[in-house]
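[1] Predicted model follows, preceded by the sequence.
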Amino acid sequence: MPRGGKHLAMYNFGLHVAPYDSPAVEGFLLREAANFEAAARAQGFIGRSGYDGEPDLPCWGKQVFPRFIEGSGFATAPSSLSLWADIESLMAFTYNGVHADALKHARHWNVKQRWPALVLWWVDAAVIPEWKDGVERLERLHDEGASSVAFSFKQPYAAGGHPTTIDRSRVKEIAAKNAIGQGDLLTHVLTLKA
């Protein structure tokens, strides 16, 4: 990872309506690899944590979960931890293409959330956040609202720590560029069961 500057860290967390290998969440499972590949091809993507026990990518610290998992009956839950160049790049990936298709169907796979779906925060470019950092910030966003240390797309903060606005025209430009390199993935996911 490059030195100097800031990167945008993102952590998200949800709960499935049934176990991971259940037919009720098969549509999620079928799309998971394509979503990871779409992120890897997306402009502004820097990297993501792997998961405990999986050989593909290193796990950024011990994977832990926010208190919202308590009482769910699950020991683990769908979550991700990644780094991006800026908020526009992350937003272009999140709400377009392959990931947008997954979001469209998420209500079938996930319980309705009473917590923020994701949390964003800035880190020095040399820093790799750990799972515990994402958990702490998601809980803080839920408990205290948006701030420069834990925010969302709805109330974004700049790397300098002050509230900012998202450049929507830049998001559209990035999404258009991403679409060129992800067309095969989108064609694939559109054939999948919801």
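    That came in fine, so what should we check first? Numbering: from 1, shown residues only.
[2] what packs against whichever helix in the chain runs longest?
    Looking across the chain with DSSP state H, the single longest helix is helix 168-189. Under the contact criterion of 3 or more Cβ pairs under 8 Å, 6 or more residues apart in numbering; DSSP states H and E, helix 168-189 touches helix 26-41, helix 87-94, helix 97-109. To be clear about C-beta, it is placed using only N, CA and C from the backbone, and glycine gets the same treatment.
[3] winner for burial among those?
    Across the helices and strands packed on helix 168-189, averaging neighbours per residue (mean count of other Cβ atoms under 10 Å) puts helix 87-94 on top, at a mean of 24.
[4] how about low-confidence regions in this protein?
    Scanning the chain with the threshold set as pLDDT under 70 gives 1-4.
[5] re earlier: export the helices and strands packed on helix 168-189 to TSV and append columns for distance to G53.
    Formatted as TSV, those follow (distance: least, Cβ to Cβ, whole Å):
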stretch	distance to G53
helix 26-41	16
helix 87-94	26
helix 97-109	22
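[6] Out of these, which is closest to S148?
    helix 87-94 (12.9 Å; Cβ to Cβ).
[7] for that closest one, packing partners?
    Where contact means 3+ Cβ pairs under 8 Å, 6+ apart, helix 87-94 is packed against strand 6-13, helix 97-109, helix 168-189.
[8] closest one to L57 among the ones you listed?
    Closest approach to L57 among the helices and strands packed on helix 87-94 (Cβ to Cβ): strand 6-13, 15.6 Å.
[9] packing partners for the closest one?
    The contact analysis (3+ Cβ pairs under 8 Å, 6+ apart) places strand 6-13 against strand 79-84, helix 87-94, strand 118-124, helix 131-144.
[10] what about 6 Å?
    Strand 6-13 sits against strand 79-84, strand 118-124, with contacts defined as 3 or more Cβ pairs under 6 Å, 6 or more residues apart in numbering; DSSP states H and E.
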